[in-house]
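In: let's see this in three dimensions:
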Amino acid sequence: MMRRWCCLWLIALTVMAGAGLAGQAGPTLIGLDNAAVETLIGPPAEKDELADSNEAYWTYTTSAGTLILHFQNAAVVDIDPADFPVERILRPPADPAATPWTAYVDRFLAEPDHAGDVSAASFNEDLVRTRARLAQLHAMDASRLSHDDALDRRFVETLLVRREIDQAQMRRWRMDPRIYMQSLQAVGARLAVAGDRKPPSAAAILRLLKALPQELRFGRRNLTLSVPHFQGLALAMASAGGTTLKTGVATFAEALPEESDQKAAVLAANTAAMSALTDWTDFLTKDLPKKPAGYTTAGIEAYTAILRGQYLLPYGVDELYEFTRREFERTQEQVRNAAAAIDDSRPWQTVAGDLGDDAVDESDEDAVTALYRDASETARAHLDATRFVAVPWSEGLAEWRFPKSEAAERLFGTLDPAVVSIRAHAAYGDRVRALYQQHNASAVRRARSASTFTGGWQLYVEQLLEGKALVPDARATARLLQLRLLAIVRVAVDIGIHTHRMTDAQALSFLTDRVGLTKAAAEQELAASIDHPGSGLGYLGLSEITRLRDDVQQTRGGAFSLTDFHERLLKAGPLPLTLVRAALLK
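Out: Residues are numbered from 1 along each chain as shown. Modelled structure (predicted):
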């Protein structure tokens, strides 16, 4: 294998050298078979193998841009773009000094969660592959690894455990129609070109249009359970996608040169895609609802496995649910007291939402832009001045701006400057965390993260505002506590929905009546929890980080420095907090 690898690598260099001498950018991979391509540049992010055809499209998302390879009879016949710098993504020859662990990591990071088409066989193959990776991991001699590598090994195991839970227990491909509409979404995303961005290539759009009918056919075969929640979302996606095909793709095709073969091919593929989408919509509205009822919840067994196997939390579901109840009551009392200190004659939600002179005219684009700009500059100045963490790298920080959001800062119905300011501080703190992650020595920690860490860190930064008196006034303090209340309720909803302790209606009522979210914001929160079990546990991350900080402070005594703790925390990387604790208290 090593000999074949080196030969292929030398062939690729020779081909590119020849192309360079001829003054051509050149399709350097044309003629190679799929095995040779995978050896030279690794597995693709997406594989689209067209049914009843000898064609396939492989998509690579790389630092040099997106590369699409068109195969016929298992050999590359075209690449898009034609001048793609393949030399920049060639995998180096195998390192003879590589250890079994580093080789395993390389393969794990290069391998997508899902490979192949969206057939039932392909999804089942994913599970077989995941279990094989777990077996290989468990067969390794962990005693020969360094402390950091041992932590990485455990981290990789948590990621594979979650993948196995999704593939073996959740099996959403049997009940969620959106899984079969990815090409439709991708067409819309690629056509949504703004400003000076380069428009998509005809080959990219053609690939997606050709793949769509096949994906929808697989959906009709694979969807054996009916879930109204998923069907409603899929129908909305189909409606928006139909508009994209009817107007967006047609406009895109008209802009192609008349003499181009691709113009006719795009229009023909679009006609077939629209017909397939019409049949799909009929299936969603008429046939799918007649199938046996499915479910939106993970269930107690799978959810417990997520808590223990993915996040390594040493708590049971009942214990965590009781914890969120106590935290909710404690924080609700705090926000009530904060509001009462302003005006004890009105409900706390009314007081917290009374913007008064802080109100911003949302129709005034300049005023809104200034609000976000000022919030960005204030957040950066505040956190830099407090030396909350050393930042050895400067890239992206001086020009950093908190991006405007259509929803996140309107959770409570209006654009609230206090919410924008609080969110901006959390976002700047997260940008610093991302810089630490980018420079982490571990390839695993650079590429993967635990949401309990990343979500917990953002909430921790928000909490620092209160501790360092950086909240501008009493109303902003009430909003800060209200946002913390939301973080707690996210945990309660996540646990409640997926372990049958809470219905969808109860969750929505909790979010609107007890937290003060708008109905639209509450529905988005619920949908996020249903789609991603375990994703709403950021407050648990905050609690674990705070507890770890207190334990480190007790251990170090007078030598403890908050700045040093934050640096060590971020250097450990976005691991499950149990592993971060092991890294800091080793």
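
In: using the three-state scheme, assign Arg581.
Out: helix (DSSP: H, G, I helix; E, B strand; the rest coil).

In: can you pull the contacts of it?
Out: Glu544, Leu548, Asp551 (Cβ atoms under 8 Å, 6 or more residues apart in numbering). Glycine gets a C-beta too; all of them are placed from N, C-alpha and C.

In: okay, now the first one: neighbour count?
Out: Right, the one you point to is Glu544. 22 (other Cβ atoms under 10 Å).

In: right, and it touches Gly456 too?
Out: Yes - counting by Cβ atoms under 8 Å, Glu544 touches Gly456, with 6.5 Å between them.

In: which neighbours do these two have in common?
Out: With Cβ under 8 Å, 6+ apart as the test, Glu544 and Gly456 both reach Leu577.

In: any idea how far stretch 514-530 is from the middle of the chain?
Out: Mean-position distance between stretch 514-530 and its chain equals 19 Å (Cα atoms, centre = their mean, to the nearest Å).

In: and the contacts of it?
Out: Contacts for stretch 514-530 (Cβ under 8 Å, 6+ apart): 229, 233, 296-297, 328, 332, 349, 352-353, 407, 410-413, 482, 485-486, 489-490, 493-494, 497-498, 504, 507-508, 511-512, 535-536.

In: and the residues you listed, which of them are buried?
Out: 229, 233, 296-297, 328, 332, 349, 352-353, 410-412, 482, 485-486, 489-490, 493-494, 497-498, 504, 507-508, 511-512, 535-536 (16 or more other Cβ atoms under 10 Å).

In: and Pro44, what pLDDT?
Out: At Pro44, the model reports a pLDDT of 85.

In: so it makes contact with Thr66?
Out: No - here Pro44 does not reach Thr66: they are 10.6 Å apart, not a contact under Cβ under 8 Å.

In: neighbour-wise, which of these two wins?
Out: Pro44 (22 against 16).

In: tell me the SS of the nearest residue to that one once chain neighbours are set aside?
Out: Computed as Cβ to Cβ, 6 or more residues apart in numbering, the closest residue to Pro44 that is not its neighbour in sequence is Trp58, at 3.9 Å. Per three-state DSSP, the local secondary structure of Trp58 is strand.

In: in the sheet, who's paired with Trp58?
Out: Counting by DSSP bridges, Trp58 forms beta bridges with Lys47, Leu69.

In: quick one: common contacting residues for Pro44 and Thr66?
Out: By Cβ under 8 Å, 6+ apart, the residues touching both Pro44 and Thr66 are Thr59, Tyr60.

In: got a pLDDT number for Ala189?
Out: 89.

In: what's around it, how many residues?
Out: With other Cβ under 10 Å as criterion, Ala189 counts 12.

In: please apply the same query to the one 10 residues further on.
Out: By the other Cβ under 10 Å criterion, the neighbourhood of Pro199 contains 12 residues.

In: before we move on, what about Thr59?
Out: Residues near Thr59, counting by other Cβ under 10 Å: 18.

In: ok, it touching Gly65?
Out: No - in this structure, Thr59 is not within contact of Gly65 by Cβ under 8 Å, at 11.3 Å.

In: still on that earlier bit, looking at the contacts of Arg581, which is nearest Ala186?
Out: Glu544 (36.9 Å; Cβ to Cβ).

In: and that closest one, what are its phi and psi?
Out: phi -70, psi -40 (degrees, to the nearest 10).

In: could you tell me which residues make contact with the nearest residue to it once chain neighbours are set aside?
Out: Counting by Cβ to Cβ, 6+ apart, the nearest residue to Glu544 once its immediate chain neighbours are dropped is Leu577, at 3.9 Å. By Cβ under 8 Å, 6+ apart, the contact set of Leu577 is Tyr311, Leu312, Ala450, Thr452, Phe453, Gly456, Gly541, Glu544, Ile545, Leu548.

In: as JSON lines, those residues with distance to Arg401 and secondary structure would be great.
Out: Below are those laid out as JSON lines (distance: Cβ to Cβ, whole Å; DSSP: H, G, I helix; E, B strand; the rest coil):
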{"residue": "Tyr311", "distance to Arg401": "32", "secondary structure": "coil"}
{"residue": "Leu312", "distance to Arg401": "35", "secondary structure": "coil"}
{"residue": "Ala450", "distance to Arg401": "27", "secondary structure": "coil"}
{"residue": "Thr452", "distance to Arg401": "27", "secondary structure": "helix"}
{"residue": "Phe453", "distance to Arg401": "24", "secondary structure": "helix"}
{"residue": "Gly456", "distance to Arg401": "24", "secondary structure": "helix"}
{"residue": "Gly541", "distance to Arg401": "26", "secondary structure": "helix"}
{"residue": "Glu544", "distance to Arg401": "30", "secondary structure": "helix"}
{"residue": "Ile545", "distance to Arg401": "26", "secondary structure": "helix"}
{"residue": "Leu548", "distance to Arg401": "31", "secondary structure": "helix"}
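
In: would a markdown table of those with pLDDT and distance to Met170 be doable?
Out: As requested, these are exported to a markdown table (pLDDT from 0 to 100; distance: Cβ to Cβ, whole Å):
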| residue | pLDDT | distance to Met170 |
| --- | --- | --- |
| Tyr311 | 97 | 16 |
| Leu312 | 96 | 20 |
| Ala450 | 97 | 19 |
| Thr452 | 96 | 19 |
| Phe453 | 97 | 23 |
| Gly456 | 97 | 24 |
| Gly541 | 96 | 22 |
| Glu544 | 96 | 25 |
| Ile545 | 97 | 28 |
| Leu548 | 97 | 31 |
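
In: list just the nearest of those to Arg433.
Out: Among those, and counting by Cβ to Cβ, the member closest to Arg433 is Phe453, at 8.6 Å.

In: list the contacts of that closest one.
Out: Phe453 neighbours (Cβ under 8 Å, 6+ apart): Gly541, Ile545, Pro574, Leu575, Pro576, Leu577, Val580.
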